[in-house]
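Undergrad: predicted model and sequence follow; I will ask about them next.
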Amino acid sequence: MQRPLFCLLLALTTAMTSVPAAMRQKSSAPQRPLTKLNRFYNVVNQFQSDLGSLNRFYNVKESETRCQRLIQFYDNWHAGLTEQDNKLNSQLSKFDSLTIQETETAERLLQLVKKDRSRLTRDLAVARQLQEQHPFTSQIIALVEARQRIEPIDARATAKAISGLTVALQEATEQWKTKPQQHALSATQTSKALVSLKSHFAEWYRFSDGYNPTFSWWIKRPYKDCDREFDKLLVAIKSAPVARLAKTNPAAAPQTQQPPNQPTAPNASTTKIDIAALISQPDLILPNLITEFRKAKTSARRPNRYSGNDGTTTPQTKRRKLFNEWQARLTQIHFAQLQPSDQADYLLLQNDISYELAKLALPQRNIEIEWTLPEDPRSMSGFPVGAEALQVELDHEMIRYTPEQLVIIAEKELQWCRRELIKASNEMGLGDDFRAAIENVKKMHVEPGQQPAMIKGLALDAINYLKKADRLSIPPVAEETWRMTMMSPERQLVNPFFLGGEVIQVSYPTDTMKHQDKLESMRGNNIPFARATVHHELIPGHHLQIFCSQRNKSYRQAFGTPFWMEGWALYWEMMLYEAGFPKTAEDRIGFLVWRSHRCARIVFSLNFHLGKMSPPECVDLLVNWVGFDRNNAAAEVRRSVSRAYSPLYQAAYMLGGLQIRQLRTELVDTGKMTEKQFHDAILQENSIPISLLRAILSKQPLSADQNFQWQFYGKVAPNK
């Protein structure tokens, strides 16, 4: 984050308006002032978040494309902010007048936009001078940006081009040794830019090397030769005796012209920044309190290296004292006088404080299980938390079922998956033998080197389908800025399939892996399996979720729950299946295998934490119930039972999806909300327990002692 922007955000949390004493109840706890949320918080937050997304995607500073795209971004914000300034009275007539602090925030943001816009004009001039001075840099930038757009690579032609780059680097080295005074940019400027480009070039190479045999065969040696010449050029520049004779001229750079032969960002030029909409919110006080709580909670985790140990104070005692103080502080607030959004935040904060105190009351349990599998000598370890801790987790997630009842729900859902698998198996001409159908589907993988293009195609299929169906809003910047990386063989030991978010991490075999591991990786990452989960990771799944959670009630990320995060993505697997998105029986098999896997996760993870299943039994369950290859199943279990995930995380996929599906039945099927309104509202509320989300969307009255008793699956009788 740039420092001026950081200072601007800091100002939002320090210069606020105090809340009247009537908003606070009488209490013996020490009184502390409550402050209202600066209404320009959302404005600054969206500006910061969109700028971050664009900077991470357009990350080659020396690129004209980057400069032009960010100039466009700043121009859009300048227009929105100046329009707001010109129409301030009319646009805000229905709101309270802005405070002095809010007006200052708007002015500082506008000045920051102007300053950074001017800097980008200079960056664009330098980028063009660099390419004029060293034309080979434009070839490197083109390669890097084509990789970022996941365009196909002609390995033979690329190898020839890189050999030409090597010659160009040799010529540039000789020129810097003999005629350094001819260069427009100084040695320092040139060296800094080339070091950056060398790093991006290396990243371009690593993306395909080892994963794409054709790429490696043609390009490995030319790239290494080119990289060596790069080093020689940097040495020559460092040794150059003359700094610079010509000066850069920022004014020489056109400010609005799009670089030739470069793709235009989708809808970027028409993006309108609606400042009035972003500040149209009631006075809120809980967001600032939650931010303060989050900081206090984080600090309590860190040992104070300056405090002595008197033998009586422990970290647990300090944390217990902290949360008791916050619990008392919360009782000072008059719940009935809060805005509805504040009331929901009050319950979130109250729920998290109770959760932390409940965890501190649990007996210490440090049981670690280690094991190996006969066919896999790599060790695994797991940490079963026990029944009491599981109940604490369920209370925190506002789930009103026992672990045993949740296992029953999973088994019922698995039976539905089995019936659907048998239907698809019959369509494939294999009768009721759905396991044979799964094995046939595993053979439908692409050849080595083709996985990135396949993943990109599936991502665009989902995005285009959703846009055509108009089932939810997809912000243009979210569609524009998702990225892709390849997962290392080491990471694939715990992540046999791909992961997602803004960056989808593709799991696929490399040339260093054992032959059997390669085959299982390809089989497990086949096209139908991937069709079912690419959208889970990107749009409408995790990438869109994270994008929206950074821009809507972002302070609620302090209470993140996998039932909202993973449940939303799993819900879309259900919705797309019902909508006929998987066109063939093979595609439906892919969806159903993953859905069966989510059911199995509930069963094996809860039983593991209850001490009813060993890790090897968990692996067997995934092999026998779901049809995973054993190495992939072992990797899934290795990840699932580690301390890296909360005890309910694996169960949250299916259970969260079922919660959101039932909420959809209550609100959309009854006509209370349209489908698009429902989906957009979920993303705008950020990551909260689904029971509380249900109360918010259905506009239920809330109370300070709210006790959620929603049984989203109806009554579930425990097994006798």
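TA: On my side now, so go ahead.
Undergrad: just checking, what packs against the strand or helix carrying residue 407?
TA: Assessed by DSSP states H and E, residue 407 sits inside helix 403-427. The helices and strands touching helix 403-427, judged by 3 or more C-beta pairs under 8 Å, 6 or more residues apart in numbering; DSSP states H and E, are helix 387-396, helix 434-442, helix 585-609, helix 649-667. (C-beta placed from N, C-alpha, C; glycine too.)
Undergrad: after the lowest-mean-pLDDT helix or strand in the chain comes which helix or strand?
TA: With mean pLDDT, DSSP states H and E as the measure, the helix or strand of the chain carrying the lowest mean pLDDT is helix 88-91 (a mean of 46). Downstream of helix 88-91, the next assigned helix or strand under DSSP H and E is helix 100-133.
Undergrad: quick check: next helix or strand after that next one?
TA: Sequence order places helix 136-148 as the next helix or strand after helix 100-133, per DSSP H and E.
Undergrad: kindly format the C-alpha coordinates of that next one as PDB.
TA: Coordinates of each C-alpha in helix 136-148 appear next as PDB, following Å, rounded to 0.1, in the frame of the first residue of the first chain:
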ATOM      1  CA  PHE A 136      14.100  -5.900 -26.800                       C
ATOM      2  CA  THR A 137      12.200  -4.800 -23.600                       C
ATOM      3  CA  SER A 138       9.000  -4.600 -25.600                       C
ATOM      4  CA  GLN A 139       9.400  -8.300 -26.600                       C
ATOM      5  CA  ILE A 140       9.900  -9.400 -23.000                       C
ATOM      6  CA  ILE A 141       6.900  -7.300 -21.900                       C
ATOM      7  CA  ALA A 142       4.800  -8.900 -24.600                       C
ATOM      8  CA  LEU A 143       5.700 -12.400 -23.500                       C
ATOM      9  CA  VAL A 144       5.000 -11.700 -19.900                       C
ATOM     10  CA  GLU A 145       1.600 -10.100 -20.500                       C
ATOM     11  CA  ALA A 146       0.600 -12.800 -23.000                       C
ATOM     12  CA  ARG A 147       1.300 -15.300 -20.200                       C
ATOM     13  CA  GLN A 148      -0.800 -13.300 -17.800                       C
END
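Undergrad: identify each buried residue in it, please.
TA: Neighbour counts using 16 or more other C-beta atoms under 10 Å place 136-141, 143-145, 147-148 of helix 136-148 among the buried residues.
Undergrad: which stretches of the stretch 101-250 of the chain have low pLDDT?
TA: The stretch 101-250 of the chain contains residues with pLDDT under 70 at 180-182, 242-250.
Undergrad: residue 549 against residue 557, yeah?
TA: Yes - under the criterion of C-beta atoms under 8 Å, residue 549 makes contact with residue 557 at 5.9 Å.
Undergrad: neighbour count for those two, which is higher?
TA: Per other C-beta atoms under 10 Å, whichever of residue 549 and residue 557 has more neighbours is residue 549, with 21 against 14.
Undergrad: contact partners for that one?
TA: 556-557, 683, 686-687 (C-beta atoms under 8 Å, 6 or more residues apart in numbering).
Undergrad: pLDDT score assigned to it?
TA: Note on residue 549: pLDDT of 95.
Undergrad: got phi/psi on the closest residue to it other than its chain neighbours?
TA: Leaving aside its chain neighbours, residue 549 sits nearest to residue 686 (4.9 Å; criterion: C-beta to C-beta, 6 or more residues apart in numbering). Residue 686 adopts backbone torsions of phi 70, psi -170, taken as degrees, to the nearest 10.
Undergrad: how far away is residue 686 from residue 662?
TA: In this view, residue 686 and residue 662 are 20 Å apart by C-beta to C-beta, to the nearest Å.
Undergrad: who has more neighbours out of those two?
TA: Set residue 686 next to residue 662 and count neighbours by other C-beta under 10 Å: residue 686 wins out with 23 against 17.
Undergrad: correct me if wrong: the more buried one contacts residue 556.
TA: Yes - Residue 686 is within contact range of residue 556, at 3.9 Å (criterion: C-beta under 8 Å).
Undergrad: which two of the contacts of residue 549 have the greatest separation?
TA: Spanning the widest gap among the contacts of residue 549 are 557 and 683, at 13.0 Å by C-beta to C-beta.
Undergrad: per-residue confidence for the closest residue to residue 438 other than its chain neighbours?
TA: Residue nearest to residue 438 in three dimensions, not counting chain neighbours: residue 627, with 4.1 Å by C-beta to C-beta, 6+ apart. Looking at residue 627, its pLDDT stands at 82.
Undergrad: coming back round to it: and for residue 549 and residue 557, which residues touch both?
TA: Among the neighbours of residue 549, those also in contact with residue 557 (C-beta under 8 Å, 6+ apart) are 686-687.
Undergrad: quick one on the thing from earlier: tell me the one among the buried residues of helix 136-148 nearest to residue 46.
TA: Distances from residue 46 to those, taken by C-beta to C-beta, are shortest for residue 148, at 23.7 Å.
Undergrad: list of residues touching the helix holding residue 407?
TA: With contacts defined as C-beta under 8 Å, 6+ apart, helix 403-427 is touched by 387, 390-391, 394, 399, 401, 431-434, 436-438, 585-586, 588-589, 592, 595-596, 599-600, 602-603, 606-607, 609-610, 625, 651, 654-655, 658, 713, 716-719.
Undergrad: likewise for stretch 461-473?
TA: Outside stretch 461-473, the residues that touch it by C-beta under 8 Å, 6+ apart are 474, 479, 531, 534-535, 538-540, 575-576, 579, 581, 675-676, 679-680, 683.
Undergrad: if I look at residue 426, how far off is residue 420?
TA: 11 Å.
Undergrad: between these two, which is the more surrounded one?
TA: residue 420 (18 against 15).
Undergrad: and the pLDDT for that one?
TA: Looking at residue 420, the pLDDT reads 97.
Undergrad: circling back to that earlier point, looking at the contacts of residue 549, which gets the smallest pLDDT?
TA: Ranked by pLDDT, those bottom out at residue 557, which has 91.
Undergrad: contacts only, for that residue.
TA: So residue 557 contacts 549-550, 686-687 (C-beta under 8 Å, 6+ apart).
Undergrad: same thing but 10 Å
TA: By C-beta atoms under 10 Å, 6 or more residues apart in numbering, the residues touching residue 557 are 290, 294, 546, 549-550, 686-687.
Undergrad: please tell me how far the spatially most central residue of the chain sits from residue 543.
TA: For the chain, the residue nearest the mean C-alpha position is residue 501 (3.3 Å; C-alpha atoms, centre = their mean). Going from residue 501 to residue 543 by C-beta to C-beta gives 6 Å.
Undergrad: what is the nearest of the buried residues of helix 136-148 to residue 282?
TA: Using C-beta to C-beta, residue 148 is the member of the buried residues of helix 136-148 that lies nearest residue 282, at 41.4 Å.
Undergrad: ok, the closest one - contacts?
TA: By C-beta under 10 Å, 6+ apart, the contact list for residue 148 reads 57-60, 63, 65, 200, 203-204, 207, 483-484.
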